[in-house]
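A.B. asks: Okay, predicted coordinates and the sequence, questions at the end:
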Amino acid sequence: MDKPTLAELRKSYERAELDEDSCADDPLQQFSAWLDEAIKSELPEPNAMTLATVGADGRPSTRVVLIKGCDARGIVWFTNYDSRKGRELAHQPCAALQFHWVELERVVRIEGLVSKVEPELSDAYYASRPLDSRIGAWASPQSQPIASRAVLVAAAAKVAARHMLHPPRPPHWGGYRLAPDRFEFWQGRPSRLHDRIRYRLDAGHWLRERLAP
């Protein structure tokens with residue numbers, strides 16, 4: 001049998017449904033429920049999310065980061081402040097996140113303003129990381145061109161020799177928090193008639209509405 005072409009690849013989504021009556025009034029509660037289900041389902045990296053930012057030139061870019069915190073204040077992740085995403089967030093703090101749990105046929109999209117988390121929170125999370133990861137935060141000039149992998153290995157060795165078992169948090173590394181003003185929950189359905197429920201913040205209150213697929 002010939003393998004299907006890209007145009008022929010199709011999937012019917014039939015696992016679940018999503019309607020207004022079954023959704024939580026608070027989108028954070030709905031998100032937490034879906035995230036918990038993804039974790040309990042033992043999906044590969046259920047905490048992986050795509051982060052979209054925009055540069056000073058208007059050019060968008062995306063990358064995958066890991067959610068490391070979620071509460072009423074927003075969604076938290078950690079990274080290098082001097083990376084491309086860090087530079088773009090410094091210029092334009094509006095950003096978007098997307099979770100895609102393929103096995104559950106679900107997508108969550110979140111938009112909002114991004115700011116750096118408190119230094120104490122960055123310190124605490126950095127201290128909780130494995131030693132190799134803490135050393136890597138010092139060794140990698142993230143998003144910058146380098147001559148070879150050997151450059152990274154040599155830099156990591158120098159950091160390890162200098163700080164031994166207790167490297168402090170680099171000043172260029174820490175957390176960001178996205179404060180949501182929009183959520184969208186997408187549940188795949190048959191015949192491409194997918195369920196899309198959007199929450200948007202209006203004058204301090206969350207408005208819930210269904211979107212056409």
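C.D. replies: Happy to help now that I have it. Numbering: from 1, shown residues only.

A.B. asks: what ranges do the helices span in this structure?
C.D. replies: For the chain, the helices defined by DSSP state H cover 27-40, 84-91, 119-128, 131-139, 149-163.

A.B. asks: Would you mind pulling the contact partners of the third one?
C.D. replies: Translated: helix 119-128. Residues from elsewhere that reach helix 119-128, judged by C-beta atoms under 8 Å, 6 or more residues apart in numbering: 68, 69, 76, 78, 116, 134, 137, 169, 173, 174, 175. Yep, even glycine has a C-beta here, placed from its N, CA and C like the rest.

A.B. asks: and what of the shortest one?
C.D. replies: The list of residues contacting helix 84-91 from outside it, by C-beta under 8 Å, 6+ apart, reads 51, 53-56, 61, 63, 65, 79-81, 95, 114, 142-143, 176.

A.B. asks: Narrow these to those in strands?
C.D. replies: Among these, the members found in strands (DSSP state E) are 51, 53, 54, 61, 63, 65, 79, 80, 95, 114, 176.

A.B. asks: Please convert the buried members of these into PyMOL selection syntax.
C.D. replies: Burial among these is assessed by 16 or more other C-beta atoms under 10 Å; the matching PyMOL selection reads:
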select buried, resi 51+53+54+65+79+80+95+114+176
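
A.B. asks: Is it possible to get TSV of the ones in strands among the contacts of helix 84-91 that adds pLDDT and distance to residue 129?
C.D. replies: TSV is the format used below for the ones in strands among the contacts of helix 84-91 (pLDDT from 0 to 100; distance: C-beta to C-beta, whole Å):
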residue	pLDDT	distance to residue 129
51	98	19
53	98	23
54	98	29
61	98	25
63	98	19
65	98	14
79	97	12
80	97	13
95	98	23
114	98	21
176	98	16
